[in-house]
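>>> Sequence first, predicted model second:
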Amino acid sequence: SFSGTPSDDLTDPTGSKVYNISNGAISKSGLTSTTEYIVSYWTKNTSALLLTGTQGAAVKIKSFNGWNLYEHKVTGITSVSISGTGLIDELRLYPSDAQMTTYIYKPLVGITCSTDTKGQTSYYEYDDFQRLKWVKDQEGNILKTMDYHYQNQ
């Protein structure tokens, strides 16, 4: 849960909306105290945000386009709260023994972005007929190209 409204930011790594954590903390309750969780997020901050229940220091996974990906491990709590200042994007919370893939979906088009369990982001671009044209990696390198031909061409 959070208060405030997401805002537009076309530089964010995974979509087009971000949340200014200065508007209020983000929290999640209902966690199991015996489970270790991973919390990861992108931020424009050069240091990690504050997280309740963190075990050890946050780990900076990578940087991209002025954004930094951080990961925290939390355990022994039934709720978690993340606070601080600055922008946050792609906040993920999951058990440490699980794997998570997230997707950004554009209505009437399809998936525009996905982030896998290792934090690798792929972008999906479509042609004028909304057919998948390219799959690109985070640096803009083309991983796959789709070519469409009509029957008897």
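Great, that's in hand.
>>> Let me see the residues that make contact with stretch 48-63.
With contact meaning C-beta atoms under 8 Å, 6 or more residues apart in numbering, stretch 48-63 is reached by 21, 36, 39-41, 43, 68-77, 79-84, 86, 88, 119. In short, each C-beta sits where N, CA and C put it, glycine included.
>>> count of residues packed around Y123?
18 (other C-beta atoms under 10 Å).
>>> Contact partners for the closest residue in space to it that isn't next to it in sequence?
Excluding the flanking residues, the one nearest Y123 by C-beta to C-beta, 6 or more residues apart in numbering is K136, at 4.6 Å. Contacts for K136 (C-beta under 8 Å, 6+ apart) come out as 122-125, 142-143.
>>> now swap in S114 and tell me
101-104, 121-122, 124 are the contacts of S114 under C-beta under 8 Å, 6+ apart.
>>> about what we covered before: considering the contacts of K136, which possesses the most neighbours?
Result: Y124 is most packed of those (other C-beta under 10 Å), 21 neighbours.
>>> residues contacting that one?
110-114, 132, 134-136.
>>> Take these and write them to a markdown table, including distance to G53.
Converted to a markdown table, the contacts of Y124 look like this (distance: C-beta to C-beta, whole Å):
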| residue | distance to G53 |
| --- | --- |
| G110 | 37 |
| I111 | 33 |
| T112 | 33 |
| C113 | 29 |
| S114 | 28 |
| L132 | 41 |
| W134 | 41 |
| V135 | 37 |
| K136 | 36 |
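>>> and the residue most central in space within the chain, what are its phi and psi?
Residue closest to the mean C-alpha point of the chain, counted by C-alpha atoms, centre = their mean, is E90 at 2.5 Å. Note on E90: its backbone torsions stand at phi 50, psi 50 [degrees, to the nearest 10].
>>> Now do the strands for the protein: every range, in order, please.
7-8, 17-20, 26-29, 37-43, 50-51, 59-64, 67-74, 79-83, 87-95, 102-106, 110-115, 121-126, 132-137, 142-145 (DSSP state E).
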